[in-house]
Every structure is written in C-alpha cells, then in structure tokens.
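[1] Quick one, fold the following:
(one chain, ligands or ions: 2)
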Amino acid sequence: MRASAEDEDPLAAALRPPLDESPEARAIRLAREEEAARVSQAIDEAIRVERLANKKNKVVRVLLLGQSESGKSTTLRQFQRIYTPTAFREERIHWRVIIQLNVIRSVHTILGAVTAHRRQTSRTRVRTISGPRWDSRSQVTSVRTDGKGKGKGRVDLESDFEDEDERPIDPSARSFYADSYSEDESQEDAELDAISQRLMPLRRVEAMLKERLVPPSEDEPADLGGGPLGLTVSALGLAKEVFVRPGKWRAGGAGTRPASAVAVEAADESQRALFECRFDLMQLWSSMRVREILALRRIRPEEESGFFLNDLDRVTGYNYVPTDDDVLRARLKTIGVSEYKFEMEAGDQGTQWRIVDVGGSPTWVPFFDSVEAIIFLAPISAFDQVLSEDPKVNRLEDSVLLWKGICQNKLLAKVDLVLFLNKCDILQRKLDSGIRLARYVKSYDDRPNDMETASKYFRGKFSAIQRTYSPVPRRFYGYCTSVTESTTTAGILASVRDIVLRQNLRSLRLA
Ligand SMILES: Nc1nc2c(ncn2[C@@H]2O[C@H](COP(=O)(O)OP(=O)(O)OP(=O)(O)O)[C@@H](O)[C@H]2O)c(=O)[nH]1
Ligand SMILES: [Mg+2]
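    Residues are numbered from 1 along each chain as shown. Ligands and ions are numbered 1, 2, ... in the order given. Model (predicted):
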C-alpha cells in the first residue's frame, strides 16, 4: 500500500531513485551509497569510541575517613603535592600563618604547664610567683571553610587544652626533679619569668591573627543542606580565603590564588614578631627546667600535631617560606567538607579525581552511592591517648569503633576499603622509648614490644573486623603509613591509585 502524499517522508521521496535511471547512473548512485554507508559506519565507530572515552572520563571519588587528627587532610595534601606539584609549591607561603599559630600554640602548652606546675607546687610551698601568666587554656587553630556568609571562609578557634592543674605528676620523674626548691631552681624560675614576660607580644600576635582570620560575623556553623550532593561545599565561596585550605585554593579552576591581602599582611606582621622573639623561644624550648616540668607532668609537645619548636631557627626566620614538609606537618583542623579535584598528569589521562575530606563531620552519607574507595585512617600511635573532644575515650578504641561502623555499613558494602594504619613513625618512637603497648592494649599480651610485631598485630585486628562485619566479602587493602613522610607515602598513594582505577574499570564493565 502506498502512503498518501501527506504521509510520505519528504527526504525519502527525494532520495528515491528516478524511475528512468540508466545503468551508468545506477552504478554511480550505488557507489555513492556504498561510500555514504562506509562514512556512516566510521562515524558510528567514532561515536562509540567517544562514548567509551566519556565513560572513562567518569569522576572517581575517594573518601577520606577517620577520627580527628588521624591524618585525613595530610593525606589530601600529599595527593596535591604529587598530582598538582606546581600549585602545591606556590601555595606553601599561605601555610606560614598556620605554622605561626602552631608555634604559639606550643608556647601555650609549655608556659601553661609551667604556670600550672608552680600553682600546684606553691600550694605546698606557699610561695608567690611573680611575673606574667600565660593561661594554660589555649586554642587549637581550626579553620572553618564552608564558605558561608559573604563568600568567605572562617577560622574557628576552640579550646583544646586540658586543665594542666589536673594532670597527675609523674612519680618516676621526681627522681630528677628535686622535691625541695633549690637556689638553682629559683634562679631558673626567675629566668623563665623573664622569658615569659618577653614573649608577651606573641599574645598580641595571636589575638591579631585570630581577629583577622575570623571575621566576627562568620562564626555560625556550616550549612550542609544544599548543593548537588546535599552538601554545601562552596568551592567558589572559599576561594577568597585560600590561605586556610589548600583544596580550595585553586577552586574555580583559576589556578593558584593569593591569600587575602589582610591575611598576608597579618602573616608578615606576625613573622616579624616571631623573629624578634626567636631567641627567647629557643631559650624556652631548650631550658632544662622546662624539660623537667614537662617530663614531670607527662607532657610531650613534640608528639603534638603542628610541632615546630625543633625548627625555631628556620621557621622564625624573617624570610621564612614553609617547605613541603612543613606544610605536611602543620596542623589545621578541618571543619566542613573539603574536596580536591584533579586530573592525573600521567597514565590515566582524562579521569577526574575527587578526594573528599569530610573533617570531623558526619555528613559523608550523601557520598555513599558515588564513592570508588574509602581511605580510612587509624592513627595507631594513639594507643595511649584520649580524644580531645572526650577525654574519657581512648583514641585507638574510638578508631576501632569507627572502623567497625564503616565495615558493617550496608550502603558501603561494595566500596573497596583501604586502611592506613597511620602515624607509624610516632608509634615507632613510642615503642623505642619504652612505652609498653600491652599496658594499654591488654590483648597484646606478652608479644615483643617492637614495631614489626605491633604493626602486624594491628593489621590483623583491623582486617579481622573487616572480615567479620562486612555485609558481603569485599576487597581490603591495609598499609602501615606515616603520611607526613613524602617518599613512602608517594609509593602507597600510587598503589591506591591503581586500586581505585581497577575498581573504576570493574564498575564500567558492569555499567
Ligand atoms: N608524625 C606524624 N604526624 C602526622 C601523621 N599524619 C598526620 N600527622 C600530623 O597530625 C596532625 C593532624 O593531621 P590532619 O591531617 O590535620 O588530621 P585530620 O584527620 O585531617 O583531622 P581533622 O581535620 O581534625 O579531622 C597534622 O599536624 C599532621 O601533620 C603521621 O603519619 N606522622
Ligand atoms: Mg583535617
């Protein structure tokens, strides 16, 4: 049946061969049609290849999880150092202000301990201490970078110190700290008073940095309600406050952006103040009296995050520019969600990587359905420490519980788990210094108190939890890491990259 004129496809009508077609004309037409079919096939193939490439262009998302201070942001910085080295290097200067605050924080720890110690001993000695007092309650540098308000990030400073007065004195340290107050000690105390007095300008520097880094109107909590993933990541809004969070410094694809002029100015002013105080800072940290008091009170500033007192000569230098290592060692608490996007330069071209650092935030649930892998960081060196947010909870215990929760989460059942047993360098130092693991981890029993046995033990424990609690068997990879160390971490991150790419490929095949 013939279609009516209205129904007929005008193109079909135009393409229909003429009724009086000659054999030559027919041959030419067929040759043309053959060529057209060949071209069409080639186009189809090109589209297929492009589609595949687009699939390959898929975003690969890796989630960093772990308790506060486990090393998530440091791992993120390592990714940046490796995959966007030029930007990382250019941004180092912006870390100076954070390192300055880290130094001042260590000074707080020390002078706070000295003050508290005197207060405690003076109760029995009835002796008045003159000189300025540094409050033992200081603040940890933490930066809010959720980009709320007028598009600015913000610094959130919170108390992070326990009351030094409440610290029990270590009886074993008494042997080298005389019970009676000697002439020498009185002289040393007078010197400490003088140093403390001369360091008072740092208080002003600290106040100034805080004032300039935390606009008064921007201290409300992050709004985690909006955004395509249900989160306000606000990369663009954060770009103005680039000095506080590296992941956002290149936000908006504009490459490296300078820190806000105010922050740079503040950093310069505080660097001058640190430079002027450098001699006193060095004296404070090298004072035997200070070391004795710290030992007596079981305070080890060198094991705290963001410790730079062994590098005072360098970091208080007038023209100090942080090194890669300094940036990795600096402590900057994360609040809110930070996402670092990059494309790998070599090997896997085209894949968009997103490393998501969720800080202490429990808002990572929206990432569940689109995560290729989770890197979980458990700082195993923290076996003898408690959480700063809850001093009743042992840090290691907290990590184990968090790990168990991740393993048994049904939404995460198919996600590959990569475990970083982190801060192995600190664990090594602790074990070498004679701290016995079995004293804190009863099940460790009488195993040798060495690194090899300890790391094997922890690996076994975490691996067993994974096997027991995972809803379905899954791939699990465990590494002993010290993410502040660049060389070893580069190798480990290369392995993680391969794991993630393999997983990505598998999911593409299944798609
Ligand atoms: N020595 C040593 N220090 C580490 C290691 N990993 C991290 N750190 C330091 O520990 C501190 C805390 O690390 P972050 O990366 O800020 O921890 P986080 O998990 O991001 O913490 P939040 O932002 O509070 O969630 C930083 O000063 C790091 O330099 C490690 O393996 N060894
Ligand atoms: Mg962090």
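[2] Mind checking what secondary structure the closest residue to T351 other than its chain neighbours has?
    In space, and not counting its chain neighbours, T351 is closest to V60: 5.4 Å by CB to CB, 6 or more residues apart in numbering. Any C-beta I mention is one placed from the backbone N, CA and C, and that applies to glycine too. Under DSSP: H, G, I helix; E, B strand; the rest coil, the three-state class of V60 is strand.
[3] just the one 3 residues further on next, same as before
    At L63, secondary structure determined by three-state DSSP is strand.
[4] Quick one: the helices in the stretch 301-450 of the chain, in order.
    Applying DSSP state H, counting those that start in this stretch to the stretch 301-450 of the chain gives helices spanning 312-315, 324-329, 395-408, 424-432, 437-440.
[5] Tell me which of these approaches ligand 2 most closely.
    Ranking those by distance to ligand 2, with CB to the ion as the measure, places helix 324-329 first at 12.3 Å.
[6] near ligand 2 at all, the closest one?
    No. Counting by CB under 5 Å from the ion, no contacts exist between helix 324-329 and ligand 2, the nearest distance being 12.3 Å.
[7] Does ligand 1 have contacts with that helix?
    Yes. Helix 324-329 is in contact with ligand 1 by CB under 6 Å from any ligand atom, via 328-329.
[8] about what we covered before: mind checking pLDDT for the residue nearest to T351?
    With respect to pLDDT, V60 has a value of 86.
[9] ok so, going back, can you tell me which of the helices of the stretch 301-450 of the chain is nearest to R502?
    Among the helices of the stretch 301-450 of the chain, helix 395-408 comes nearest to R502, with 20.5 Å by CB to CB.
[10] In the closest one, which residues are buried?
    395-396, 398-400, 402-403, 406-407 (16 or more other CB atoms under 10 Å).
[11] Which two of those have the greatest separation?
    Across those, no pair lies farther apart than R395 and C407, at 18.7 Å, counting by CB to CB.
[12] How about the residues of the protein by ligand 2?
    Residues of the chain that fall close to ligand 2, judged by CB under 5 Å from the ion: 72-73, 334.
[13] Select from those residues the one having the most neighbours.
    Compared across those, K72 has the highest neighbour count, 28 neighbours, by other CB atoms under 10 Å.
[14] contacting residues for that residue?
    By CB atoms under 8 Å, 6 or more residues apart in numbering, the residues touching K72 are 64-66, 334, 357-359, 377.
[15] try E191
    Here E191 is in contact with 283, 287, 289 (CB under 8 Å, 6+ apart).
[16] any idea which helix or strand carries the residue in the stretch 51-200 of the chain that ligand 2 sits nearest to?
    The nearest approach of the stretch 51-200 of the chain to ligand 2 comes at S73, 3.2 Å away (CB to the ion). Element membership of S73 [criterion: DSSP states H and E] is helix 72-83.
[17] List the buried residues for whatever helix or strand comes next after that helix?
    Next helix or strand after helix 72-83 toward the C-terminus (DSSP H and E): helix 85-91. The neighbour-count check on helix 85-91 (16+ other CB under 10 Å) flags 87-88, 90-91 as buried.
[18] which residue packs closest to the closest residue to ligand 2 within the stretch 251-400 of the chain, ignoring adjacent ones?
    Of all residues in the stretch 251-400 of the chain, T334 sits closest to ligand 2, at 3.0 Å by CB to the ion. Setting aside the residues directly before and after it, T334 is nearest to G359 in space (CB to CB, 6+ apart), at 3.4 Å.
[19] What sits closest to K461 if chain neighbours are left out?
    Excluding the flanking residues, the one nearest K461 by CB to CB, 6+ apart is V400, at 7.5 Å.
[20] neighbours around the closest residue to Y479 other than its chain neighbours, how many?
    With CB to CB, 6+ apart as the criterion, Y479 has its nearest non-adjacent residue at 5.2 Å, and that residue is I492. I492: 21 surrounding residues under other CB under 10 Å.
[21] Roughly how far does the residue lying closest to L387 once chain neighbours are set aside sit from ligand 1?
    Excluding the flanking residues, the one nearest L387 by CB to CB, 6+ apart is V393, at 4.7 Å. Separation of V393 from ligand 1 (CB to the nearest ligand atom, to the nearest Å): 15 Å.
[22] measure stretch 303-322 end to end?
    One end of stretch 303-322 to the other measures 20 Å (CA to CA, to the nearest Å).
[23] Give me the contact list for that stretch.
    Contact partners of stretch 303-322, identified using CB under 8 Å, 6+ apart, comprise 69, 92-93, 95-96, 98-99, 102-103, 105-106, 109, 141, 271-272, 274-275, 277-278, 281-282, 285, 301-302, 326, 329-332, 426, 429-430.
[24] what about it and ligand 1, touching?
    Yes. For stretch 303-322, a contact with ligand 1 is found by CB under 6 Å from any ligand atom, at 305-306.
[25] E343 against T84, yeah?
    No. Taking contacts as CB atoms under 8 Å, E343 lies outside contact range of T84: 9.1 Å.
[26] the more surrounded of those two?
    Taking other CB under 10 Å, E343 and T84 do not tie; T84 has more neighbours (23 against 13).
[27] excluding its backbone neighbours, what's nearest that one?
    T84 sits nearest to F342 (CB to CB, 6+ apart), 5.4 Å away.
[28] List the residues that contact the one you found.
    By CB under 8 Å, 6+ apart, the residues touching F342 are 79-80, 83-84, 352-353, 355.
[29] now those residues: which count as buried?
    79-80, 83-84, 353, 355.
[30] from those residues, which is closest to R119?
    Among the buried ones among the contacts of F342, Q80 lies closest to R119 (CB to CB), at 44.2 Å.
[31] The closest one is in contact with F88, isn't it?
    Yes. Q80 is in contact with F88 according to CB under 8 Å; the separation is 4.8 Å.
[32] where does H117 land in three-state SS?
    Quick answer, by three-state DSSP: H117 is helix.
[33] what does E69 give?
    coil.
[34] Neighbours of it, how many?
    As a burial measure, E69 scores 24 neighbours (other CB under 10 Å).
[35] Excluding sequence neighbours, find me the nearest residue to it.
    Spatial nearest neighbour of E69, chain neighbours left out: S305 (5.7 Å); criterion: CB to CB, 6+ apart.
[36] Quickly note the distance from that neighbour to Q187.
    S305 sits 34 Å away from Q187, going by CB to CB, to the nearest Å.
[37] between these two, who's got more neighbours?
    Legend: neighbour count by other CB under 10 Å for S305 and Q187, higher for S305 (20 against 11).
[38] What about the more buried one? Give its phi and psi, please.
    phi -70, psi 150 (degrees, to the nearest 10).
[39] Output stretch 86-104 as CSV, restricted to C-alpha atoms.
    Taking Å, rounded to 0.1, in the frame of the first residue of the first chain, the C-alpha atoms of stretch 86-104 are listed here in CSV:
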residue,chain,number,x,y,z
THR,A,86,53.3,23.4,40.9
ALA,A,87,50.2,24.7,42.6
PHE,A,88,51.2,23.0,45.9
ARG,A,89,54.6,24.7,45.9
GLU,A,90,53.1,28.1,45.1
GLU,A,91,50.6,27.8,47.9
ARG,A,92,53.2,26.9,50.6
ILE,A,93,53.6,30.6,51.7
HIS,A,94,50.0,30.6,52.8
TRP,A,95,50.7,28.0,55.4
ARG,A,96,53.1,30.3,57.2
VAL,A,97,50.3,31.9,59.2
ILE,A,98,49.1,28.5,60.3
ILE,A,99,52.6,27.5,61.3
GLN,A,100,53.0,30.7,63.3
LEU,A,101,49.8,29.8,65.2
ASN,A,102,51.1,26.3,65.7
VAL,A,103,54.3,27.7,67.2
ILE,A,104,52.3,30.0,69.5
